[in-house]
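Q: Predicted model and sequence follow; I will ask about them next.
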Amino acid sequence: MDYDLIGRVFVYFAMAAGITVELSFLSMCLGLGLGLTGALCKLSPNRWLEMPARLYVSVFRGTPCLIQLFVIYFGGPQIGLQLEPFPAGVLGLGINIGAYMTESIRGAILAVERGQMEAARSLGLSKSRAMVKVILPQAACLMVRPLGVNTIALIKGSSLVSAISVLELTYTAHRYISSTYRPFELFILAALFYLLIISIASFFIRKLDQRFVLLM
C-alpha cells in the first residue's frame, strides 16, 4: 500500500467527492420533480397524461443508464442538444432516477386510504386541492424509505458519468491510475469516499424517516 501516493492525491479525491455530491443532489432534485409529475400523470384518468408517463417509465427503466448518458452527451449534438459533461450527467441521471421515483411516489399515493380523498371531496375540495393538501402529505410519510433507496442507488450510479468525462470520483481514480499504475490504492480511496458519502446520506434518510414515523 503506497500511503505516500494516497496522501498526495487525497485533496484531489476530496474535490472529486464534492463534485459527486453536487451531481447527485442536482440529479435527485430533477428526479424528484420528474417522479412526482410522472406519478400524478400515471394516476390521471386522462390518457393524454397517463400514456406518456407510462412510456417514460418503461423506456428509462428498461434501458441502461449508461446508454442514456451516451445518447444525451454524444448523440445530443445531432439534434441540437450540446451540453457540457456535468449538465449532461445531471440530466441523464435525473431522468433515469425520475422513472424509478415515479413508481415509488405512485405506490405511496396509492397506499393512502381511499377514504381520505372521498372525505376531502365531501368537504368541498377539488380533486387537485385534495391531492395537494390531504393525500400528498400523508403519502410523504410512506415515500421516505423507497426514495432513500433510490438516493443511495443514484449516488452509486453517479460513477457512470465518468464515461462522459465528468470529474467525479471514478473519473479521478482512472486519471491518476493512468499515470501512477496503482489501481489498488486509488480505487480503494475512491470506494472509501463513496462509502462516506453514502453513510452520511443514509444517516439523514434514517433521521427523516424517524421524524415522519412520529408524525403518523
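A: Done, it's in.
Q: all contacts plus neighbour counts: C-alpha atoms, from now on.
A: Fine.
Q: ok now do the spatially most central residue of the chain, which residues does it touch?
A: In the chain, the centroid-proximal residue (CA atoms, centre = their mean) is Met28; its distance is 3.9 Å. Shown in contact with Met28 (CA atoms under 8 Å, 6 or more residues apart in numbering): Gly94, Ile97, Thr151, Leu154.
Q: ok, it to Met15 distance?
A: Using CA to CA, to the nearest Å, one gets 20 Å for the distance from Met28 to Met15.
Q: Check Glu103 too.
A: Glu103 sits 34 Å away from Met15, going by CA to CA.
Q: Comparing these two, which residue is more hemmed in?
A: Taking other CA atoms under 10 Å, Glu103 and Met15 do not tie; Glu103 has more neighbours (19 against 15).
Q: Which positions within whichever strand or helix holds that one qualify as buried?
A: For Glu103, the host element (DSSP states H and E) is helix 85-111. Within helix 85-111, the residues that count as buried by 16 or more other CA atoms under 10 Å are 85-109.
Q: Distance from the chain centre to that helix, please.
A: 6 Å (CA atoms, centre = their mean, to the nearest Å).
Q: Now it: average pLDDT?
A: Computed over helix 85-111, the mean pLDDT rounds to 93.
Q: The helix or strand that comes right after it - contacts with which helices or strands?
A: Toward the C-terminus, helix 85-111 is succeeded by helix 114-122 as the next helix or strand (DSSP H and E). When contacts are defined as 3 or more CA pairs under 8 Å, 6 or more residues apart in numbering; DSSP states H and E, helix 114-122 packs onto helix 127-130.
Q: How about the helix it packs on, which residues are buried there?
A: Within helix 127-130, the residues scored as buried using 16+ other CA under 10 Å are Ala130.
Q: for stretch 168-184, same thing?
A: For stretch 168-184, using 16+ other CA under 10 Å, the buried residues are Glu168, Leu169, Thr170, Tyr171, Thr172, Ala173, His174, Tyr176, Ile177, Arg182.
Q: so which one among the residues you listed has the lowest pLDDT?
A: Arg182 (84).
Q: Flag the helix or strand of this structure with the lowest per-element mean pLDDT.
A: Lowest mean confidence among the helices and strands of the chain (mean pLDDT, DSSP states H and E): helix 114-122, at a mean of 72.
Q: chain center to that one, what's the gap?
A: Between the centre of helix 114-122 and the centre of its chain there are 32 Å (CA atoms, centre = their mean).
Q: which residues sit against that helix?
A: By CA under 8 Å, 6+ apart, the surrounding residues in contact with helix 114-122 are Lys127, Ala130, Met131, Val134, Ile135.
Q: switch to 7 Å and redo it
A: Lys127, Ala130, Ile135 (CA atoms under 7 Å, 6 or more residues apart in numbering).
Q: got it, and stretch 177-185?
A: Met1, Asp2, Leu186.
Q: And the buried ones among these, selectable in ChimeraX?
A: To isolate the buried ones among the contacts of stretch 177-185 in ChimeraX, judged by 16+ other CA under 10 Å, type:
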select :186
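Q: Buried ones in stretch 10-30, by neighbour count?
A: 12-14, 16-21, 23-28, 30.
Q: Tell me the one among the residues you listed nearest to Arg145.
A: If you rank the buried residues of stretch 10-30 by distance to Arg145 using CA to CA, Met28 comes first, at 14.6 Å.
Q: on that earlier part again, export the contacts of helix 114-122 to a markdown table and append columns for pLDDT and distance to Arg121.
A: Output for the contacts of helix 114-122, formatted as a markdown table (pLDDT from 0 to 100; distance: CA to CA, whole Å):
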| residue | pLDDT | distance to Arg121 |
| --- | --- | --- |
| Lys127 | 75 | 7 |
| Ala130 | 76 | 7 |
| Ile135 | 79 | 11 |
